[in-house]
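*Asks:* sequence and computational prediction follow.
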Amino acid sequence: MNDELKLIAGTANMELGGKIAEYLNVELCKTEIGHFSDGEIKVRIEDNIRGRDVFIIQSTFAPADNLLELLLISDACSRASADRITAVIPYYGYARQDRKDQPRVPISAKLVANLITTAHADRVLALELHAAQIQGFFDIQVDNLFAAPVLFEYIRGMKLKNVTVVSPDVGGIKMGRSFAKRLGASLAIVDKRRTTADKSEVMNIIGEVAGSDIVILDDIISTAGTTSQAAEVLKAAGARKIIAAATHAVFSGQALEKLEQSPIEEVVVTNSIPLRNGSRCGKIKVLDVSPLLGEAIRRIHTGESISILFD
Ligand code: R5P
């Protein structure tokens, strides 16, 4: 294999791609990514990538064109004789359907894994997959990084007092517990029921929150229903300052309005997804995950361990 690392940014993460290139001190590959007149996606890699170790940076949030673009770039790289293709997916979309929990529904997280493999990716570098088992949906190597070290450094610098980390649903307990341990904080859980796919209802708070500064920790904020409802209930239960932290700022529907109107003082997210209309909500702080992803890419390329990135 030629020693040179090649970095390609899809259109979903152009800015993040640029920052990763800067971290690695390499140029992004020249590409032509656009549309044919009928709307179909057109991809062409303009640089020679024959025999190279290629990393494609593309999050697969909606619309599905982002996913399709990743598949097309990967296919183009394979047909251009790249030696190894790594799909770097800061946000893995379609992850929330990861099991058949109702009759007649797909397991989209598995289907997407199959598509990425079929498009000739040799490995995947992901960030905070919605469920750990998605790693096993792939028959190729998957490194699933966590954004916790990035979120943790920022939140620790906030000098919160008597902190309680709150997981807004039972699925996030493991992540919440390890975050609370690092922060020297206690853990509480919000018992949430989903009434429909995009609506949830808070039932109970498990743990002490009165008089505490709160960090609501989740992997995704989509409609912000989960986060804002949890914040209301926590405030009513006597919580002091409330901060929300999540890796992926999907921000769909009325998310920004809900966050604005909620008792949350600051919403800390990462740039795994470019912020949509972020300027409409002054509470949002975006943390940069390019050093984390860049370092993982460097280590994968040189064959070094990436374990240190999980500390
Ligand atoms: C659920 O399992 C996830 O961890 C998030 O809590 C959920 O995706 C957030 O969705 P929303 O912001 O629409 O309530």
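*Replies:* Structure received.

*Asks:* contacts only, for residue 120.
*Replies:* The contact partners of residue 120, taken as Cβ atoms under 8 Å, 6 or more residues apart in numbering, are 74-75, 77-78, 85. For every residue, glycine as well, the C-beta is placed using N, CA and C.

*Asks:* before we move on, what about residue 275?
*Replies:* Residue 275 makes contacts with 249, 251, 269, 284, 286, as judged by Cβ under 8 Å, 6+ apart.

*Asks:* next up, identify which helix or strand the third one is on.
*Replies:* Residue 269 belongs to strand 266-270 when elements are defined using DSSP states H and E.

*Asks:* identify the residues contacting that strand?
*Replies:* Strand 266-270 has contacts (Cβ under 8 Å, 6+ apart) with 90, 127, 147, 150-151, 154-155, 158, 221, 227, 243-249, 259, 275, 281, 283-289.

*Asks:* of those, which belong to strands?
*Replies:* The members of the contacts of strand 266-270 that map onto strands under DSSP state E are 127, 221, 243-249, 284-287.

*Asks:* redo these as CSV? Include distance to residue 208 and neighbour count.
*Replies:* Formatted as CSV, these follow (distance: Cβ to Cβ, whole Å; neighbours: other Cβ atoms under 10 Å):
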residue, distance to residue 208, neighbour count
127, 32, 25
221, 25, 27
243, 17, 23
244, 19, 28
245, 20, 26
246, 23, 27
247, 26, 28
248, 29, 25
249, 29, 26
284, 28, 20
285, 27, 14
286, 31, 16
287, 28, 18
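
*Asks:* which single one of these is nearest to residue 141?
*Replies:* residue 127 (15.4 Å; Cβ to Cβ).

*Asks:* any idea what the closest one is bridged to?
*Replies:* Beta-bridge pairing of residue 127 under DSSP bridges involves residue 145.

*Asks:* residue 131: which of the contacts of residue 120 is nearest?
*Replies:* The closest of the contacts of residue 120, once distances to residue 131 are taken by Cβ to Cβ, is residue 74, at 23.1 Å.

*Asks:* residue 284 and residue 264 touch, don't they?
*Replies:* No. Assessed by Cβ atoms under 8 Å, residue 284 is found out of contact with residue 264, at 10.1 Å.

*Asks:* about what we covered before: what strands line up against the strand holding residue 269, and which way round?
*Replies:* Paired strands of strand 266-270, with direction, are strand 242-249 (parallel), strand 284-287 (parallel) (DSSP bridges).

*Asks:* enumerate the residues of the stretch 151-300 of the chain near the ligand.
*Replies:* 168-169, 171-172, 198, 200, 218-227 (Cβ under 6 Å from any ligand atom).

*Asks:* buried subset of the residues you listed?
*Replies:* Among those, the ones that count as buried by 16 or more other Cβ atoms under 10 Å are 168-169, 172, 200, 218-227.

*Asks:* now for those residues: which two are most distant?
*Replies:* Using Cβ to Cβ, the pair of those lying farthest apart is 172 and 223, separated by 16.3 Å.

*Asks:* the spatially closest residue to residue 91 that is not a sequence neighbour: how many residues sit nearby?
*Replies:* Nearest residue to residue 91 in three dimensions, chain neighbours excluded: residue 59, at 3.9 Å (Cβ to Cβ, 6 or more residues apart in numbering). Residues near residue 59, counting by other Cβ atoms under 10 Å, number 24.

*Asks:* do the same with residue 47
*Replies:* By other Cβ under 10 Å, 13 other residues sit near residue 47.

*Asks:* if we ignore the residues flanking it in sequence, what's nearest it?
*Replies:* Counting by Cβ to Cβ, 6+ apart, residue 29 is the residue found nearest to residue 47 once chain neighbours are left out, at 4.6 Å.

*Asks:* now the one you found: phi and psi?
*Replies:* The phi/psi pair for residue 29 (degrees, to the nearest 10) reads phi -60, psi 140.

*Asks:* repeat for residue 86
*Replies:* phi -110, psi 120.

*Asks:* hey, what's it bridged with?
*Replies:* Here residue 86 sits in beta bridges with residue 55, residue 123, going by DSSP bridges.

*Asks:* ok, it to residue 150 distance?
*Replies:* Applying Cβ to Cβ, to the nearest Å, the value for residue 86 to residue 150 is 21 Å.

*Asks:* of those two, give the one with the bigger neighbour count.
*Replies:* residue 86 (26 against 20).

*Asks:* contacting residues around the residue nearest to residue 91?
*Replies:* Neighbouring residues of residue 59 by Cβ under 8 Å, 6+ apart: 12-13, 66, 89-93, 272-273.
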